[in-house]
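Enquirer: predicted model, plus sequence, below.
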Amino acid sequence: MRFRASIALGAAVLLLLLATAPALAADNSTQPMPIANQTQTERIDENTVLLHSEYSATDDVARITLRSESLQTILVSDAGRFTQGGKIPVRGDVLRPGETATIELPVTEVDGYVGVAISTDATPMYAEILQQPTGDGLDILKALSSLQAWLAGAFVAFVWFAIAGWQVLRREGGRPEVAS
């Protein structure tokens with residue numbers, strides 16, 4: 001009986017380790033996430049290139065540097081304001097072929113995200129993320145659905161029952177005593 005309890009406990013621990021392996025392998029660092037486009041150029045469409053984007057947290061301002069290869073109007077707006085609804089302020093600039101412009105606009109941080117929406121003649125809406133949230137360790141709780149949270153809780157309860165049962169069997173010499 002003791003051997004079976006040890007095997008059951010070993011299997012439960014193995015399942016627990018296998019279930020947490022993907023989470024351990026994932027990048028769960030608490031450092032700010034690097035922004036892929038902050039220093040590299042990125043082509044928005046055939047006529048527009050995003051040269052640089054940055055966010056100044058001290059004054060809540062985004063600076064977007066764009067280059068146009070044709071005559072076009074470029075509109076930049078705060079993507080964080082989309083979550084609030086209502087009218088959204090837009091900054092626009094008319095760029096000639098080969099012209100570079102830096103557009104500054106106040107932005108809103110929502111759940112750690114800061115971003116801007118860029119509209120051109122060829123691209124109605126393009127999103128540029130300037131800042132992503134840092135992981136505080138509890139992000140997994142926000143990401144779970146109610147069913148996933150329920151299943152995780154049931155699994156943890158089962159593991160605790162298995163551990164408690166193993167402790168009782170170990171304390172009683174491998175045979176449960178019947179109360180009289």
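Expert: Arrived safely, thanks for sending.
Enquirer: which of the helices or strands spans E128?
Expert: strand 126-131 (DSSP states H and E).
Enquirer: how about I163?
Expert: Here I163 sits within helix 146-171, counting by DSSP H and E.
Enquirer: counting contacts, what elements does that helix pack onto?
Expert: Using 3 or more CB pairs under 8 Å, 6 or more residues apart in numbering; DSSP states H and E as the contact criterion, the elements in contact with helix 146-171 are helix 2-25. Where you see a C-beta, it was placed from the backbone N, CA and C, and this is true even at glycine.
Enquirer: quick one: buried residues of whichever helix or strand comes after the helix it packs on?
Expert: If you walk from helix 2-25 toward the C-terminus, the next helix or strand you reach (DSSP H and E) is strand 42-45. By neighbour count on 16 or more other CB atoms under 10 Å, the buried set for strand 42-45 is I44.
Enquirer: and the closest residue to S68 other than its chain neighbours, how far from L144?
Expert: Nearest in space to S68, with sequence neighbours left out and distances taken as CB to CB, 6 or more residues apart in numbering, is L95 at 3.5 Å. From L95 across to L144, the span is 45 Å (CB to CB, to the nearest Å).
Enquirer: who's more crowded, the two?
Expert: Taking neighbours as other CB atoms under 10 Å, L95 and L144 compare with L95 leading, 20 against 13.
Enquirer: next one, pLDDT for the more buried one please.
Expert: The predicted local distance difference test score for L95 is 91.
Enquirer: so the protein: which segments form each domain?
Expert: For the chain, whose domains are defined here by automatic domain parsing, the residue ranges read 2-29+136-171, 42-131.
Enquirer: mind giving me a markdown table with those domains and columns for distance to A179?
Expert: What follows is those, written out as a markdown table (distance: least, CB to CB, whole Å):
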| stretch | distance to A179 |
| --- | --- |
| domain 2-29+136-171 | 13 |
| domain 42-131 | 54 |
